[in-house]
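Student: would you be able to build a 3D model of this:
(2 chains)
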Amino acid sequence: MSVLWGFVRNPVLLREVRVRMRGWRTPGIIVLYVGLLGLVALLIFAASMRGNRTVGFAPEVGAVIYATLAMLQLVLLVLAVPGLAAGAIAGERERQTLDLLLVTRLSAAQVVFGKLLAATGFALLLMFASLPVFGLIFLFGGFSLYRLGLSAVVYVVTVLLLGAVSLYFSALYRRTQTAVVAAYGVVTTWILLSPLFGALTYHVFFDLENPPVWGLVFAYTNPAFGLAAAAGLPLSQMTRLYSPILTTDAAREAIWWKYCLIALGLMLLLLWRTVRRVDPLRPAARR
Amino acid sequence: MLRVEGLVKRFGDVEAVKAVSFTVEPGAIYGFVGPNGAGKTTTLKIIATLLMPDAGRVFIGGTDALQNPGEARARLGYMPDFFGVYDNLKVDEYMHFYADCYGVPAAGRDRLIDSLLALVRLADKRGAYVDELSRGMKQRLCLARCLVHDPEVLILDEPASGLDPRNRVELREILLELRRRGKTILISSHILAELAELCTHIGIIHNGRMVASGPVEQIQREAGARVMEVRLGGLPPAGAAGAAHRGRQTAEAPETDTAGPAAGAGTAAQPDTAGPAAGAAMGTAVGTAAGVDERLAAAARVARTVPGVRNVTVEDGALRVALDDGDQAAASLLSTLVQAGLPVVHFAEVKSKLEDVFMAITGGEEQ
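Tutor: Model prediction:
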């Protein structure tokens, strides 16, 4: 229990939170983020209500707003997390404060987890700050809190995985700039290009009647598919891409938790590698 | 309190530290001296558990630091040669942050931080942002940070580098106070005079190898560096000379200074011809700063040709000549200077300084 408390009450996390919350920059970013999502929601709402629509129960409008906001939020998080996490360890090294940290009683694992929680904590704060905007969809009906909860789980797992990838590059490279470029390169290629490659795999390179099972790797490692499976209709239509292999709705919906499991496994693997790189007395450490 | 046994560290093909061993007794201030690239920082980083050696062991008060780094870190405070500070963090928060990192109990922590800031004379800066402090203040703050968990051993890598004289004096006083409080201090520095006033023990590392280690007096004795002070007639007294020629120079430094017209005026610049010409050249230059430099440089060059002379420096208008132990070298030196026409008016043995010992041991290589 005390070990867990040691990780939660992490001095690195507390310092980063304290410094980040100082001044107007952080509240400004939150306002901007929520404002952007709110504006998009309003525009979709306005566009949907044009013509001969009746006011009141309109589940299809709510579903469209939710699908758009959910994907927009995913893109924003993909863009935000590497920027927050990729400089975390490389920045300490550049600032010449990493040695001062490593010579304390904090273990390398505590330093890395503190950095992970500090970087991803802000992204999660943005996510939770946007909940009122997502709450708008309940005005239209046709959407369950359960689906919103599943989507939140996918978001949290995705943010942690993005943070772990970025931290790994931060430990791998000495310079913040290199780490940030590498993290953005890998994350955007993985998230934005893998669905495209998945689609090509099925529709161009392979026989649709007998697609290879390994093609599911794109479904189970991409947060967009995880989110689509968790969010239900209309986003779950995306998962129909895999209907030649995942023939039932249940199998397609299971994508979300399989994605989460694989993502958590990847995250732990990357964090383990990061800790080994940061620990000064490990052979893999890069000083 | 601190024992280092057979440390070896390689970076690729380069062996930076070669079987370095030494011991620091409890309560000692151990000066770790060596030229640039000798392996000082690498050794200190290994001791501070920040670098894994290829071979060797480090014990801090009985704890094997490389086997139990957590326990060792609780017993040592480390101040690197270069370090940064966090933006947007106040002095008070900085100290609390490191106190958290070292697991210092919250109860009584405010009082502890107050006392540490008072020790390093930063009590009035408690609310200031650390990135806005001067370099000297940051150094002192970093020292206070080292002490936040009350370590038994302090490892300070060039703590005075880049500090102005006032800050150096303050730092020295703080270190002496820490010694009085029972701390064992391992300090590396380029400023040997400062270490001489501070250290009880020294270790000299050269090309990755420990060439001497022990109490200062013992090292001075073992180095066998007998130092003769030589003054020449016709030069201004030490005070006046000091005004024109303050501080200490190695014998090579004036050579470049006299490479202009003065060098042409006298062939005294050449040791092999430094006979009567040396005296003639000096006679023309008495009283001016350039003349003082020129005459001392010429005398230094003559001295360096004498067998048994290890090193020659110029300080306060006099030559300090480090010699092999025994009377033969001293006798040869005096007779050579006199035969060269140099008006020697003072020739006496003086207590060797740490610089003399260092130069004697390392063969006068640049620090």
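
Student: A:M267 and A:L161, how far apart?
Tutor: The gap separating A:M267 from A:L161 is 5 Å, by C-beta to C-beta, to the nearest Å. C-betas here are computed from N, CA, C, even on glycine.

Student: neighbour count winner among the two?
Tutor: Comparing A:M267 with A:L161 by neighbour count (other C-beta atoms under 10 Å in any protein chain shown), the higher total belongs to A:L161, at 26 against 21.

Student: which element is that one on?
Tutor: Per DSSP states H and E: A:L161 is located in helix A:145-172.

Student: need the next SSE after that helix, C-terminal direction.
Tutor: Next along from helix A:145-172, by DSSP H and E: helix A:176-188.

Student: which helices and strands sit right next to that next one?
Tutor: Counting contacts by 3 or more C-beta pairs under 8 Å, 6 or more residues apart in numbering or on different chains; DSSP states H and E, helix A:176-188 packs against helix A:59-85, helix A:88-94, helix A:145-172.

Student: nearest to B:R181, out of the ones you listed?
Tutor: helix A:88-94 (31.0 Å; C-beta to C-beta).

Student: how far out from the middle of the chain is the closest one?
Tutor: Offset of helix A:88-94 from its chain centre (C-alpha atoms, centre = their mean, to the nearest Å): 22 Å.

Student: and the next helix or strand after that helix, average pLDDT?
Tutor: Later in the chain than helix A:88-94, the nearest helix or strand by DSSP H and E is helix A:98-102. Helix A:98-102 comes out with an average pLDDT of 93.

Student: may I have helix A:98-102 as CSV, with CA atoms only?
Tutor: Extracted as CSV, the C-alpha positions of helix A:98-102 are listed here (Å, rounded to 0.1, in the frame of the first residue of the first chain):
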residue,chain,number,x,y,z
LEU,A,98,18.3,14.8,-14.1
ASP,A,99,21.3,13.8,-12.0
LEU,A,100,20.1,15.8,-9.1
LEU,A,101,16.9,13.8,-9.3
LEU,A,102,18.5,10.5,-9.7
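
Student: alpha carbons of the helix or strand B:L333 falls within, as CSV, please.
Tutor: Using DSSP H and E, B:L333 maps to helix B:327-339. The C-alpha trace of helix B:327-339 is given here as CSV (Å, rounded to 0.1, in the frame of the first residue of the first chain):
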residue,chain,number,x,y,z
ASP,B,327,71.0,19.5,-1.3
GLN,B,328,72.6,18.8,-4.6
ALA,B,329,69.8,20.2,-6.8
ALA,B,330,69.6,23.4,-4.5
ALA,B,331,73.3,23.9,-4.7
SER,B,332,73.3,23.5,-8.5
LEU,B,333,70.4,25.9,-8.8
LEU,B,334,72.1,28.6,-6.8
SER,B,335,75.4,28.3,-8.6
THR,B,336,73.8,28.3,-12.1
LEU,B,337,71.8,31.4,-11.3
VAL,B,338,74.8,33.2,-10.1
GLN,B,339,77.0,32.1,-13.0
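
Student: what comes up buried for that helix?
Tutor: Neighbour counts over helix B:327-339 (16 or more other C-beta atoms under 10 Å in any protein chain shown) mark B:329-330, B:332-333, B:336-337 as buried.

Student: that helix - what's its average pLDDT?
Tutor: According to the model, helix B:327-339 has a mean pLDDT of 88.

Student: can you check stretch B:55-62 too?
Tutor: Mean predicted lDDT for stretch B:55-62 stands at 91.

Student: same question, stretch A:280-287
Tutor: For stretch A:280-287, the per-residue pLDDT averages 65.

Student: in contact with the spatially closest residue to A:T188 that is not a sequence neighbour: list those residues for me.
Tutor: Among residues not flanking A:T188 along the chain, A:V78 sits closest, at 6.9 Å (C-beta to C-beta, 6 or more residues apart in numbering or on different chains). The contact partners of A:V78, taken as C-beta atoms under 8 Å, 6 or more residues apart in numbering or on different chains, are A:162, A:187-188, A:191-192, A:223.

Student: before we move on, the earlier item: nearest to chain A, of the buried residues of helix B:327-339?
Tutor: Proximity of the buried residues of helix B:327-339 to chain A (C-beta to the nearest C-beta) peaks at B:A329, which lies at 46.2 Å.

Student: residue contacts, the closest one?
Tutor: B:226, B:306-309, B:323.

Student: and the residues you listed, which are buried?
Tutor: Buried by 16+ other C-beta under 10 Å: B:226, B:306, B:308-309, B:323, out of the contacts of B:A329.

Student: now for those, which pair is the farthest apart?
Tutor: B:R226 and B:V306 (13.1 Å).

Student: how far is the strand or helix carrying B:L156 from where the chain is centred?
Tutor: For B:L156, the host element (DSSP H and E) is strand B:153-157. Strand B:153-157 has its C-alpha centroid displaced from the chain centroid by 15 Å (C-alpha atoms, centre = their mean).

Student: now the next helix-or-strand element following it: how far from the chain's centre is it?
Tutor: The helix or strand immediately downstream of strand B:153-157 is helix B:165-180, counting by DSSP H and E. Computed by C-alpha atoms, centre = their mean, the separation of helix B:165-180 from the middle of its chain amounts to 15 Å.

Student: same question for stretch A:132-140.
Tutor: 21 Å.

Student: okay, that stretch in CSV with CA atoms only?
Tutor: Extracted as CSV, the C-alpha positions of stretch A:132-140 are listed here (Å, rounded to 0.1, in the frame of the first residue of the first chain):
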residue,chain,number,x,y,z
PRO,A,132,-19.9,19.4,-20.2
VAL,A,133,-19.6,19.8,-23.9
PHE,A,134,-20.2,16.0,-24.3
GLY,A,135,-23.1,16.4,-21.9
LEU,A,136,-24.9,18.4,-24.7
ILE,A,137,-25.7,15.1,-26.5
PHE,A,138,-27.9,14.0,-23.7
LEU,A,139,-30.2,16.9,-24.6
PHE,A,140,-31.0,15.0,-27.8
